[in-house]
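**Q** sequence and predicted model, in that order:
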Amino acid sequence: MRDFYENPAVPVASGTPRSIRQARMLARALGPAADGTRTVVDVGCGDGTAAATAAPLLPGHRVIGVDWSQDALRRARTRVPYAVRGELTGGGLPFADGSADAVLFSEVIEHLVDPDAALDEIRRILRPGGHLMLSTPNLAAWYNRALLLAGVQPVFSEVSLRGIHGRPGKEVVGHLRLYTARALREFVAASGFEVVRLEGAPFHGVPRPLRPLDRLGLCPGRGSRRSCCCTPGGR
């Protein structure tokens, strides 16, 4: 897996419209910097695109990118002032307990072998009352439901790291976990978070003629992507 993500050909960026949508949700949760500078940690920052997109919408707040891929970090450092190496397992993230006001976790959880340990580590670095902004593909997107009825493998799902089999698309991105809206809610709650807001987001891979349908499907169960803003509970 490490070799896979160190390959420069593997995509490490999210779509810009989705990143803006997430940043706006996070900005509403954090409030203006006049109330105090907040530390936002972008876990799995990739090439820094999501953090760089979010920064103008979070004026006065400190955004720090974290990734385990040295190749991704080299690119991220051209876009964000702070980008450091870290991982969610093993040595953990390079932050003290309760040192982050918010964590941006965009299009990462679907790539993880152990998502439970990942949310435990994120919860550790978040202060009480902090926010987790999580985004992941929606297994129950409207077109995936149609594809399954036709006996076709759902979009976003992969059975190999070497090639695409049984579904549309040509790009292998390393997805290991996929969630419906219900599963995502239950999973983050079981990890000690309270869901504050759950929204749908469009997917840039939908063919242009079908994009109006994708926008119509942005209810929590049918949109292409799930953006979930959570806060740690029980602390």
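**A** In hand now; what should we look at?
**Q** how about Leu105, secondary structure?
**A** Slight slip there: residue 105 is Phe, not Leu. Three-state assignment for Phe105 (DSSP: H, G, I helix; E, B strand; the rest coil): strand.
**Q** so which helix or strand takes in the spatially closest residue to it that is not a sequence neighbour?
**A** The shortest distance from Phe105 to any non-neighbouring residue, by CB to CB, 6 or more residues apart in numbering, is to Leu134 (4.5 Å). C-betas here are computed from N, CA, C, even on glycine. Leu134 is part of strand 126-137, with elements assigned from DSSP states H and E.
**Q** next, the buried residues of that strand.
**A** Buried positions in strand 126-137, judged by neighbour count with 16 or more other CB atoms under 10 Å: Leu126, Arg127, Gly130, His131, Leu132, Met133, Leu134, Ser135, Thr136, Pro137.
**Q** that strand packs against which elements?
**A** helix 16-30, strand 100-106, helix 115-125, helix 181-190, strand 193-201, strand 225-232 (3 or more CB pairs under 8 Å, 6 or more residues apart in numbering; DSSP states H and E).
**Q** can you spell out which residues form a bridge with the residue most central in space within the chain?
**A** In the chain, the residue lying closest to the centroid (CA atoms, centre = their mean) is Ser106, at 1.7 Å. Beta bridges link Ser106 to Ser135 when assigned by DSSP bridges.
**Q** contact partners for it?
**A** Ser14, Arg18, Ser19, Gln22, Asp42, Gly44, Ala50, Met133, Leu134, Ser135 (CB atoms under 8 Å, 6 or more residues apart in numbering).
**Q** with Asp67 instead?
**A** Counting by CB under 8 Å, 6+ apart, Asp67 has contacts Val12, Gly44, Cys45, Gly46, Leu73, Ala76, Ala83, Arg85, Gly86.
**Q** and the first one, what pLDDT?
**A** pLDDT recorded at Val12 is 58.
**Q** could you do the fifth one as well?
**A** Leu73 is assigned 94 on the pLDDT scale.
**Q** quick one: it and Tyr82 touch, right?
**A** No. Under the criterion of CB atoms under 8 Å, Leu73 makes no contact with Tyr82, lying 10.9 Å away.
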